[in-house]
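*Asks:* build me a model from this:
(one chain, ligands or ions: 1)
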Amino acid sequence: MDTLELDPRLRHASTFLGRSPKMLIDGRMVGALSSKTFEVVNPATGAVIANVPEGDKADVDLAVAAARRTFDSGVWAKVSPSEKSRILWRVADLVERDLEELAELESIDNGKPYAVARVADLPLVVDMFRYMGGWATKLGGRTIPWSLPGQFLSYTMKEPVGVVGQIIPWNFPLLMAAWKIAPALAAGCTVVLKAAEQTPMTALRLAEIIQEAEVPAGVVNILTGFGETAGAALAAHPDVDKIAFTGSTEVGKLIVQAAAGNLKKVSLELGGKSPAIILPDADVDAAIAGAANAIFFNHGQCCCAGSRLFAHKKVYDKIVAGVADIAAKIKVGPGLDPATEMGPLVSDEQFARVTRYIKSGREQGAKVAVGGERVGNLGYFVAPTVFENTKPDMQIITEEIFGPVVCAMPFEDDDLDRIGREANDTSYGLAASVWTTNGGTAHKLAQRIRSGTVWINCHNVFDASLPFGGYKQSGWGREMGEEVFHNYTETKAITAAL
Ligand code: ADP
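*Replies:* Okay, here's the model as predicted:
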């Protein structure tokens, strides 16, 4: 404990940080079998805020055995749908009760401003548990009409896919846990979730909440540990029926390979290089504010960040100047400082990655309109950055930066097919936004874009009811909405000769 440096501005989270957070395996709060821990760092200062269990293959084995046993014995299946709803709503109520504490933990662990965690991440977490709780009573099959000779009655049932391994990233730590756990439980699956090593704190606090909500022992297991050890063991585990992963495209490909051993089902929510496309008839002020939010929200650490800014040449100069002006005024600082609008990047590794891309942009001939520098010499702060003169083959255009760096590019065309083709010129297909005052144009262009989400005159807008996921190398399957149940259910067709 005495090695920890807790920020005096913390009002709610110090108690949790002080009690050596534990993993949840088989209904018990435990350390790693090896007794090893790893340090969790506040990215605003580099100070250690906690030592958490370093789970590895042995802990994964225990957790999977618990999830397997509870699934096979029907512990969770025998809980009625309406009782499942009530349990998920109880989790939502407890998260809501502890909103401030969880927002503080998120802020010092991930770096995001406390206010953002408090008004964006946390309400979405609560909503997700409530929305998915509602689905527990609605996951039915249907009766199927027959064409061939004979008299038969056929109907389908939706059954849980089984034991689900879930691996989540660090950009929205608790929200990603909610996106994964809530629908899996509603579908009747049992869960082993591994938090990202950079941001384990809110998942461990959620583990306590899940205990308090009286989710039966073994139904949800929450581990902390590293990707190459605990994550890889979970992805390869022969007793896991399905793996749900959110993270980089690179690791997504490793997950697919690891899953091949027992052909477990795989869903992937991966990277993006999402365009914000501004047409000449757009409301320029709204488009400037929207394009800035598209990239700078969550410090650009969003898989759907609007990292390619396409503006028609008639409005390009105004748009770039406007976005650069907003970027220059964003208050960068520690997440717990009430004046802060943008916090640090999550880790030294991420800081190195983003600054490497900024360097490569400069070297390949792009021009920095604003930013491009580190802020201060403590913590992992990077100034909001706008690049101009970007070209399609530059690394900053083809690769995901995952930081507050936007690449602006003008287009001359008025032809929607060609604009669509330019926007689609990427290996990703997660999201896009279209900015125009012409409703018809907006929907026509939306139909030409190959991505799982298209926003019109907005960006980064989410709801628990909206499916989210990617075309192309942005992933397989959808999170959220009714669609997520494709990930967590099997369809059984039952036919009776009459
Ligand atoms: P990022 O590059 O944004 O840090 P990653 O894709 O590396 O994202 O990490 C997302 C999640 O995947 C984390 O929980 C991490 O621990 C996990 N992970 C990383 N490598 C592997 C791997 N080889 N197998 C399974 N999980 C992994």
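*Asks:* switch to C-alpha atoms for all contacts and neighbour counts from now on
*Replies:* Noted.
*Asks:* can you tell me how far Asp393 sits from the ligand?
*Replies:* For Asp393, the distance to the ligand (C-alpha to the nearest ligand atom, to the nearest Å) stands at 22 Å.
*Asks:* can you check Pro200 too?
*Replies:* Taking C-alpha to the nearest ligand atom as the measure, Pro200 falls 9 Å from the ligand.
*Asks:* that residue - how many residues pack around it?
*Replies:* Applying other C-alpha atoms under 10 Å, we find 29 residues neighbouring Pro200.
*Asks:* buried residues in the helix or strand bottoming out on mean pLDDT in the chain?
*Replies:* Every helix and strand of the chain was ranked by mean pLDDT, DSSP states H and E. The lowest is helix 14-18, at a mean of 92. Buried residues in helix 14-18, counted by 16 or more other C-alpha atoms under 10 Å: 14, 17.
*Asks:* elements contacting whatever helix or strand comes next after it?
*Replies:* Where DSSP states H and E defines the elements, the next helix or strand beyond helix 14-18 is strand 23-25. With contacts taken as 3 or more C-alpha pairs under 8 Å, 6 or more residues apart in numbering; DSSP states H and E, strand 23-25 sits against strand 28-30, helix 57-72, helix 201-212, strand 220-223.
*Asks:* quick check: mean pLDDT of the second one?
*Replies:* Helix 57-72 shows a mean pLDDT of 98.
*Asks:* could you do the last one as well?
*Replies:* Throughout strand 220-223, pLDDT has a mean value of 99.
*Asks:* which neighbouring elements make contact with the least confident helix or strand of the chain?
*Replies:* strand 48-53.
*Asks:* show me what residue of the stretch 351-498 of the chain gets nearest to the ligand.
*Replies:* Phe402 (7.7 Å; C-alpha to the nearest ligand atom).
*Asks:* and the gap between the nearest residue to that residue once chain neighbours are set aside and Ser307?
*Replies:* What sits nearest to Phe402 in space, not counting adjacent residues and going by C-alpha to C-alpha, 6 or more residues apart in numbering, is Gln301, at 4.7 Å. Distance from Gln301 to Ser307, counting by C-alpha to C-alpha, to the nearest Å: 10 Å.
*Asks:* looking at the two, which has the bigger crowd around it?
*Replies:* Ser307 (32 against 22).
*Asks:* ok, and the closest non-adjacent residue to that one?
*Replies:* Ser307 sits nearest to Val406 (C-alpha to C-alpha, 6+ apart), 4.7 Å away.
*Asks:* ok, the one you found - contacts?
*Replies:* By C-alpha atoms under 8 Å, 6 or more residues apart in numbering, the residues touching Val406 are 295, 306-309, 385-387.
*Asks:* for it, helix, strand, or coil?
*Replies:* Following DSSP: H, G, I helix; E, B strand; the rest coil, Val406 is assigned to strand.
*Asks:* report how many residues lie close to the residue of the stretch 251-400 of the chain found nearest the ligand.
*Replies:* Here the stretch 251-400 of the chain gets closest to the ligand at one residue, Val251, 4.8 Å apart by C-alpha to the nearest ligand atom. Neighbour count for Val251, taken as other C-alpha under 10 Å: 17.
*Asks:* what's the answer for Leu174, then?
*Replies:* 30.
*Asks:* outline the domain layout of this protein.
*Replies:* 2-270+475-494, 275-464 (automatic domain parsing).
*Asks:* the last one spans what distance, first to last residue?
*Replies:* Length of domain 275-464, first residue to last, C-alpha to C-alpha: 23 Å.
*Asks:* distance from the chain centre to it, please.
*Replies:* 18 Å (C-alpha atoms, centre = their mean, to the nearest Å).
*Asks:* likewise the first one?
*Replies:* Shown here is domain 2-270+475-494, whose average C-alpha point lies 12 Å from the average C-alpha point of the whole chain (C-alpha atoms, centre = their mean).
*Asks:* where in this structure is pLDDT low?
*Replies:* 1-4 (pLDDT under 70).
*Asks:* in a markdown table: the helices and strands packed on strand 23-25, plus mean neighbour count and distance to Leu122.
*Replies:* Shown next, in a markdown table, are the helices and strands packed on strand 23-25 (neighbours: other C-alpha atoms under 10 Å; distance: least, C-alpha to C-alpha, whole Å):
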| stretch | mean neighbour count | distance to Leu122 |
| --- | --- | --- |
| strand 28-30 | 16 | 23 |
| helix 57-72 | 22 | 27 |
| helix 201-212 | 22 | 11 |
| strand 220-223 | 30 | 19 |
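*Asks:* in CSV, list the ones you listed along with distance to Ala369.
*Replies:* Below are these laid out as CSV (distance: least, C-alpha to C-alpha, whole Å):
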stretch, distance to Ala369
strand 28-30, 50
helix 57-72, 47
helix 201-212, 37
strand 220-223, 43
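*Asks:* of the ones you listed, which is nearest Ala496?
*Replies:* helix 57-72 (26.2 Å; C-alpha to C-alpha).
*Asks:* what does the protein put close to the ligand?
*Replies:* Applying C-alpha under 6 Å from any ligand atom, we find that the chain lies next to the ligand at 167-169, 195-197, 226-228, 231-232, 235, 247-248, 251, 254-255.
*Asks:* which of those residues fall in strands?
*Replies:* Using DSSP state E, the members of those that fall within strands are Ile167.
*Asks:* the residues of the chain next to the ligand in helices, which ones?
*Replies:* Judged by DSSP state H, the residues of the chain next to the ligand include 232, 235, 251, 254-255 as members of helices.
*Asks:* of those residues, keep whichever come out buried.
*Replies:* Among these, those classed as buried by 16+ other C-alpha under 10 Å are 232, 235, 251, 255.
*Asks:* tell me which of the residues you listed is nearest to Pro410?
*Replies:* Nearest to Pro410 out of these is Val251 (C-alpha to C-alpha; 32.7 Å).
*Asks:* now do the SS call for Thr156.
*Replies:* Thr156 is classified as strand under three-state DSSP.
*Asks:* repeat for Val368
*Replies:* The three-state assignment at Val368 reads strand, by three-state DSSP.
*Asks:* what of Leu148?
*Replies:* Applying three-state DSSP: Leu148 is coil.
*Asks:* can you show me the strands along the stretch 201-350 of the chain?
*Replies:* 220-223, 242-246, 265-269, 275-278, 308-312 (DSSP state E, counting those that start in this stretch).
*Asks:* the second one pairs with which strands, and in what direction?
*Replies:* Within its sheet, and counting by DSSP bridges, strand 242-246 is paired with strand 163-167 (parallel), strand 265-269 (parallel).
*Asks:* tell me who's in contact with Phe351.
*Replies:* Phe351 makes contact with 345, 380-382, according to C-alpha under 8 Å, 6+ apart.
*Asks:* ok, now with 10 Å
*Replies:* For Phe351, the contacting residues are 43, 344-345, 374, 379-382, 403, by C-alpha atoms under 10 Å, 6 or more residues apart in numbering.
*Asks:* related to what we said a few turns ago, ok, and the most crowded of the contacts of Val406?
*Replies:* Highest count within the contacts of Val406 by other C-alpha under 10 Å belongs to Ile295, 34 neighbours.
*Asks:* residue contacts, it?
*Replies:* Counting by C-alpha under 10 Å, 6+ apart, Ile295 has contacts 274-276, 301-302, 304-309, 323, 327, 384-386, 402-407, 459-460.
*Asks:* now do 6 Å
*Replies:* 305-307 (C-alpha atoms under 6 Å, 6 or more residues apart in numbering).
*Asks:* now Glu482
*Replies:* Neighbours of Glu482 in contact, by C-alpha under 6 Å, 6+ apart: none.
*Asks:* against Lys84, how distant is it?
*Replies:* For Glu482, the distance to Lys84 - C-alpha to C-alpha - is 17 Å.
*Asks:* likewise Gln166?
*Replies:* 20 Å.
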